[in-house]
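[1] model this:
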Amino acid sequence: MVDEELDIVGKKRQIESADKAGWGDWAGPGKVGVSQRVVKKRKHLLKNLEEKAAQQRAGRNDGQLANVILSERRVKTSSKYKIADVPHPFTSREEYERSLQMPLGDEWNASHIVKKNVKPDILTRAGRIIDPITLPKNYKKSTATGDSGAAQRTPNSGSKSAKKKSLNRNAKFF
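    Sure thing, here's the model as predicted:
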């Protein structure tokens, strides 16, 4: 299949038909009447063609596969679904792909597992106003490191009372 896409057979026919016998050559069928010069030239051109085809096959993903052609074109519609980096909780690409292979639907899992997976972390009643998240008073902006706007945490900001104050009172946590 790769040979058909690279049109190797057509190029071979073109080489054999383009290099014809001339003056001093017998014009009969077969290689008997053709001079050694023409035969050598054909062999040399065919050998070069085979080497180029082998290099092109080696550079392709489907070079070793029989009856298969893999398209190497970029599909613009599917590129929006591809990610550049591994998402946060995963450490390697293989780990992330393994998590994608595990089915999550209710056809494959028990109903209580599906409910647990689908349940949101924060529940609010409809129509309630949700206050925006604000930084606690003990956060300071760092200007010395050159990160303009990056917040640095002070040592005492990890206390339980500071965390309780920063929680949104309208939200119900589970």
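
[2] right, and the helix or strand after the lengthiest helix in the chain?
    Scanning the chain for the longest helix, with DSSP state H as the assignment, gives helix 36-58. Remark: after helix 36-58, the chain's next helix or strand is helix 76-79, criterion DSSP states H and E.

[3] which parts of that following helix are buried?
    Using 16 or more other CB atoms under 10 Å as the burial criterion, none of the residues of helix 76-79 qualify. Where C-beta positions appear, they are placed from N, C-alpha and C, glycine not excepted.

[4] could you dump it to CSV, C-alpha only?
    This file holds the C-alpha atoms of helix 76-79, laid out as CSV (Å, rounded to 0.1, in the frame of the first residue of the first chain):
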residue,chain,number,x,y,z
LYS,A,76,-7.5,20.7,12.5
THR,A,77,-10.9,19.6,13.9
SER,A,78,-9.3,17.1,16.3
SER,A,79,-6.4,19.4,17.3
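
[5] helices and strands around the helix or strand hosting residue 95, which ones?
    Using DSSP H and E, the element containing residue 95 is helix 93-101. Counting contacts by 3 or more CB pairs under 8 Å, 6 or more residues apart in numbering; DSSP states H and E, helix 93-101 is packed against no other helix or strand.
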